[in-house]
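K.L.:
Prediction below, plus the sequence it came from.
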Amino acid sequence: MRKSMLIICAAMLLGGASIPVSANSDLMAQFGGRDGLQKIVDEAVDRWVNDPRIGHHFANARLPYLKAQLGEQFCELLGGGCKYAGADMKSSHAGRNLTNADFNFLAEDLQIVMAQHGVPFSAQNKLVAKLAPMQRDIVTK
Amino acid sequence: MKQTSRLLSGMMVAALAGPAYAGSLFDGGKLLATGGVSQVEGAGGGGLTPWALITGYGTRDGIGANVHYTYLNTGDYSLDTYGVAVGLFDRLELSIAQQKLKGIDAALDGVEIRQDVFGAKVKLFGNAVYDQDRWMPQVAVGLQHKRNKGIDGLQGLGVNEATDLGAKRNKGTDYYVSATKLFLAQSLLVNGTLRLTKANQFGLLGFGSAADDDYELMPEVSVAYLLNRKFAVGTEYRAKPRNLGGLDQEEAAYDVFAAWFPTRNVSFTLAYVDLGTIVKAFNPDDQRGAYLSVQLGF
């Protein structure tokens, strides 16, 4: 009994892995599609820059580039069919001395902007769940 | 207790006066609601159960602290709890709470029992929030040392303390391990706790009895659904031992709750709690009622 369960589980896992990665149009739609997502990213970055708790970290940032890169990355994370080609999180944040508090304040600003754009909380959490483990590469202090 | 309160109030004023920012020792850097609320014995958690989360909004670089007041009314009994708790570097949590159970109707009208609870909790491993790509929960171990201060209002029956009701001791220590996991993609928080305890009705009726003085392992479960950044609803279950025989056929406690976190400085929890019967020999009714808790801190 136990063995057959294991085999079934393994088959399901393998089967799941072989399903081609298709664009998750439902989730992207909840972010307003690629355009809506980009508006959210643009506003989130502006909010970070103007947030007295974390704004100083963006003093030397190339904001248009950052917005474009993040838009691609979030689109990929949401299954929107994009391919983020930028630097990995570890090298892009190396030496920035970011703390957990910085990381969380940034996430909070993003949550607020997503809510302002009417993204359902359950959909927001699907994106935040993909971003959360990046804490290990981003927070170095 | 008084000195600790004064120290904590001082810290709180200092922290509330200035805005939270990274680099400050009071960094207020955790995400909203991720310090939990104050459970009935003063630890960070849900309403009934301590969670593996460390109380307050300090990250691993900072300190958080809070005070809370909780009022529970079942019609026949009321329970007042207030306390202070501090979370140090998202690693260690220390708490003090005082509980006051009062009979406000029925057979035990006018009876009053007080208890102090001293708590400590250490996070061992895992991160409930960041580890979204791992199955590993955040795990903490803790203890709650409880000192029952005696029973007022039953002197006529020769009852002055819990031992006069059949408890073996008036003091006891619970030990627990908690595992908390945030399933963020599902907007769900799940906590499981295993508690070693001898406490009769949380210790309000003392600890153990002549017949049954062994530690028992009691499970507790909380599930919360996050409605948005500031609101969570959920339900809890907490098993309790039954040491006092026919006098107090103790039952498990349940609740359903809604918690609101308008800012990092204040939270409100409203719950409907079922404590089961309390001293069934005197009062056979299930004790159910409203529970309101307010937490102030940073």
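P.N.:
Yep, that arrived. Numbers count the residues shown, from 1 in each chain, chains lettered A, B, ... in the order given.

K.L.:
Now do the contacts for residue 58.
P.N.:
Assuming you mean chain A. Contact analysis of A:Phe58 by Cβ atoms under 8 Å, 6 or more residues apart in numbering or on different chains lists A:Val45, A:Trp48, A:Val49, A:Leu66. Where you see a C-beta, it was placed from the backbone N, CA and C, and this is true even at glycine.

K.L.:
that's the wrong chain, I wanted chain B
P.N.:
B:Phe26, B:Asp27, B:Gly28, B:Gly29, B:Lys30, B:Gly64, B:Gly87, B:Leu88, B:Phe89, B:Asp90.

K.L.:
ok so, going back, now secondary structure and neighbour count too, for the contacts of A:Phe58, in TSV please.
P.N.:
What follows is the contacts of A:Phe58, written out as TSV (DSSP: H, G, I helix; E, B strand; the rest coil; neighbours: other Cβ atoms under 10 Å in any protein chain shown):
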residue	secondary structure	neighbour count
A:Val45	helix	22
A:Trp48	helix	22
A:Val49	helix	17
A:Leu66	helix	18
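
K.L.:
now, among the residues you listed, which is nearest to A:Leu106?
P.N.:
Comparing the contacts of A:Phe58 against A:Leu106 with Cβ to Cβ places A:Trp48 closest, at 5.8 Å.

K.L.:
ok, now how distant is the closest one from chain B?
P.N.:
Taking Cβ to the nearest Cβ, to the nearest Å as the measure, A:Trp48 falls 13 Å from chain B.

K.L.:
ok, so what distance separates the residue of chain A found nearest chain B from B:Thr180?
P.N.:
With Cβ to the nearest Cβ as the measure, A:Ala101 is the residue of chain A nearest to chain B, at 2.5 Å. Per Cβ to Cβ, to the nearest Å, A:Ala101 is found 20 Å from B:Thr180.

K.L.:
do A:His57 as well
P.N.:
Separation of A:His57 from B:Thr180 (Cβ to Cβ): 30 Å.

K.L.:
which one of the two has more residues nearby?
P.N.:
More crowded of A:His57 and B:Thr180, by other Cβ atoms under 10 Å in any protein chain shown: B:Thr180, with 28 against 19.

K.L.:
Surely B:Val190 touches B:Glu220?
P.N.:
No. The pair B:Val190 / B:Glu220 is not scored as a contact, 11.9 Å apart, by Cβ atoms under 8 Å.

K.L.:
re the thing from before, these two touch, right, the residue of chain A closest to chain B and B:Thr59?
P.N.:
Yes. Shown here, A:Ala101 and B:Thr59 form a contact pair, counting by Cβ under 8 Å, at 5.1 Å.

K.L.:
what sits in contact with each of those two?
P.N.:
Contact with both A:Ala101 and B:Thr59 is made by residues B:Asp27, B:Gly29, B:Lys30, according to Cβ under 8 Å, 6+ apart.

K.L.:
Got the confidence number for the last one?
P.N.:
According to the model's per-residue confidence, B:Lys30 sits at a pLDDT of 97.

K.L.:
in what helix or strand does it lie?
P.N.:
If you go by DSSP states H and E, B:Lys30 is not part of any helix or strand.

K.L.:
for the chain, what are the low-confidence residue spans?
P.N.:
No chain specified, so I'll use chain A. A:1-23 (pLDDT under 70).

K.L.:
sorry, should have said chain B
P.N.:
Short version for chain B, where the test is pLDDT under 70: B:1-23.

K.L.:
repeat that with 50
P.N.:
B:19 (pLDDT under 50).

K.L.:
closest point of it to chain A, which residue?
P.N.:
For chain B, Cβ to the nearest Cβ, closest residue to chain A: B:Gly29, 2.5 Å.

K.L.:
Surely that residue touches B:Gly56?
P.N.:
No. Here B:Gly29 does not reach B:Gly56: they are 10.5 Å apart, not a contact under Cβ under 8 Å.

K.L.:
List, one by one, the residues from chain A near chain B.
P.N.:
Residues of chain A lying close to chain B (Cβ under 8 Å from any Cβ of the partner chain) are A:52-54, A:99-102, A:104-105, A:107-108, A:111-112, A:115, A:121-122, A:125-126, A:128-130, A:132-133, A:135-136, A:141.

K.L.:
what's the nearest residue to B:Phe268 if we skip its chain neighbours?
P.N.:
Nearest residue to B:Phe268 in three dimensions, chain neighbours excluded: B:Trp260, at 4.9 Å (Cβ to Cβ, 6 or more residues apart in numbering or on different chains).

K.L.:
try A:Cys75
P.N.:
Closest residue to A:Cys75 apart from its sequence neighbours, by Cβ to Cβ, 6+ apart: A:Cys82 at 3.6 Å.

K.L.:
Near the one you found, how many other residues are there?
P.N.:
18.

K.L.:
now B:Lys102
P.N.:
19.

K.L.:
So what pairs up with it in the strands?
P.N.:
B:Ser78, B:Glu112 (DSSP bridges).

K.L.:
Tell me which residue is most central in chain B.
P.N.:
Residue closest to the mean C-alpha point of chain B, counted by Cα atoms, centre = their mean, is B:Gln39 at 2.4 Å.

K.L.:
That residue: what's its closest spatial neighbour, skipping adjacent residues?
P.N.:
Among residues not flanking B:Gln39 along the chain, B:Gly45 sits closest, at 4.0 Å (Cβ to Cβ, 6+ apart).

K.L.:
Would you map the strands across the stretch 51-200 of chain B?
P.N.:
B:63-73, B:77-88, B:92-103, B:112-125, B:138-152, B:167-169, B:171-183, B:188-197 (DSSP state E, counting those that start in this stretch).

K.L.:
In CSV, list these along with distance to B:Glu250.
P.N.:
What follows is the strands of the stretch 51-200 of chain B, written out as CSV (distance: least, Cβ to Cβ, whole Å):
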stretch, distance to B:Glu250
strand B:63-73, 16
strand B:77-88, 14
strand B:92-103, 14
strand B:112-125, 15
strand B:138-152, 15
strand B:167-169, 12
strand B:171-183, 14
strand B:188-197, 11
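
K.L.:
Go through these and name the closest to B:Ser293.
P.N.:
Using Cβ to Cβ, those put strand B:63-73 closest to B:Ser293, at 4.0 Å.

K.L.:
now for that closest one, which elements pack on it?
P.N.:
Strand B:63-73 sits against helix B:2-17, strand B:37-38, strand B:77-88, strand B:286-297, with contacts defined as 3 or more Cβ pairs under 8 Å, 6 or more residues apart in numbering or on different chains; DSSP states H and E.

K.L.:
Pull up the pairing partners for it, direction included.
P.N.:
Sheet pairing of strand B:63-73 (DSSP bridges) gives strand B:77-88 (antiparallel), strand B:286-297 (antiparallel).
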